[in-house]
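Student: A structural model of the following input is requested.
(one chain, ligands or ions: 1)
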Amino acid sequence: MARIFITGSADGLGQLAAKDLIAQGHQVVLHARNRERGKQALAKAPGAEDVLIADLSSMAETKDLAAKANASGVFDAVIHNAGVYRIPQNSVGAEGLPVLLAVNTLAPYILTCLMHRPKRLIYMSSGMHLQGKPNLDNLTAAALGKLTYSDTKLHDVILTMAIARKWTTVYANVVNPGWVPTKMGGAGAPDSLEAGYQTQAWLAVSNDPSATVTGRYFHHKRQTRYSPVADDPTVQEKFLAACEQITGVKTG
Ligand SMILES: NC(=O)c1ccc[n+]([C@@H]2O[C@H](COP(=O)([O-])OP(=O)(O)OC[C@H]3O[C@@H](n4cnc5c(N)ncnc54)[C@H](OP(=O)(O)O)[C@@H]3O)[C@@H](O)[C@H]2O)c1
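Tutor: Numbering: from 1, shown residues only. Coordinates of the predicted model:
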């Protein structure tokens, strides 16, 4: 039995991955943005060990979440699932940072750096990352002006490949779930909802040789093409330095 933490598990793919892993007999800790959503998350995933609360648009709350997760014990796997797509332009979080940047890019970075290192790290990207630009020269300024969802999903691939290169004792992989009918994907999304959560659940616990790898980009349990920009160590270092500068958190 593995112990797994899943961010953004009050709804959508995070919630479905949590239920799947609980049904397989694993110990799952949920995460939700506030107490109300936390209660709803636990009600929808009976058998979960607990739910931890933090609004990831706030760096302070995200740092506090890492501390709460560490206090709860060690995780075998963390699925960095929470994400935002359609949000009002210029939405900012507690520290004045754009919500898109805080939730999609900085929260996975902060949690990765501050949480006790698990054996497996799974990040959520999107096929849309292929249209993204790293925008690393002044990430905050770019974010305030024109950072897109695609840019942040490219950041998630860069983060994965950087961690896979630097932390050789963990499996760090990234998933494109397809365009699936969640709150984010919308009711008309064409891809399979089941296939949309199974890859990250599989990467979290399976001992299959094709799941016990690192630095790979998966779609429906198969390695697929991703932006070669993410493999460039210079880009990776620049990305980590930008995140460190904004968050005050070192990569380690
Ligand atoms: N659906 C797709 O077609 C698709 C395609 C490509 C990639 N993805 C990626 O897959 C992941 C999951 O997406 P999904 O479709 O399951 O989206 P979703 O249904 O919108 O769920 C997103 C989850 O993240 C949580 N979340 C968002 N902002 C948060 C914040 N500030 N603090 C704490 N939690 C927050 C949400 O909480 P609330 O429920 O309280 O809002 C929800 O639990 C995302 O990273 C997304 O980028 C999805």
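Student: Going by C-alpha atoms from here, please, whenever you check contacts or count neighbours.
Tutor: OK.
Student: Tell me the residues of the stretch 51-200 of the chain that contact the ligand?
Tutor: Within the stretch 51-200 of the chain, the positions near the ligand by C-alpha under 6 Å from any ligand atom are 54-57, 81-84, 103, 124-126, 176-185.
Student: Go again with 8 Å.
Tutor: 53-58, 80-85, 99, 102-104, 123-128, 149, 153, 175-186, 189, 191, 196 (C-alpha under 8 Å from any ligand atom).
Student: Please tell me how far residue 47 sits from residue 6.
Tutor: Using C-alpha to C-alpha, to the nearest Å, residue 47 is found at 14 Å from residue 6.
Student: So these two - more neighbours on which side?
Tutor: residue 6 (26 against 17; other C-alpha atoms under 10 Å).
Student: distance of the nearest residue to residue 235 once chain neighbours are set aside from residue 156?
Tutor: Distances taken as C-alpha to C-alpha, 6 or more residues apart in numbering put residue 229 closest to residue 235, at 7.1 Å, once the chain neighbours are dropped. Distance, residue 229 to residue 156, using C-alpha to C-alpha: 12 Å.
Student: elements contacting the lowest-mean-pLDDT helix or strand in the chain?
Tutor: Lowest on mean pLDDT, DSSP states H and E among the helices and strands of the chain sits helix 139-145, with a mean of 77. Contacting helix 139-145 under the criterion 3 or more C-alpha pairs under 8 Å, 6 or more residues apart in numbering; DSSP states H and E is no other helix or strand.
Student: run the last query once more with 10 Å
Tutor: helix 99-100, helix 233-247 (3 or more C-alpha pairs under 10 Å, 6 or more residues apart in numbering; DSSP states H and E).
Student: Please state the offset of stretch 73-80 from the chain centre?
Tutor: 12 Å (C-alpha atoms, centre = their mean, to the nearest Å).
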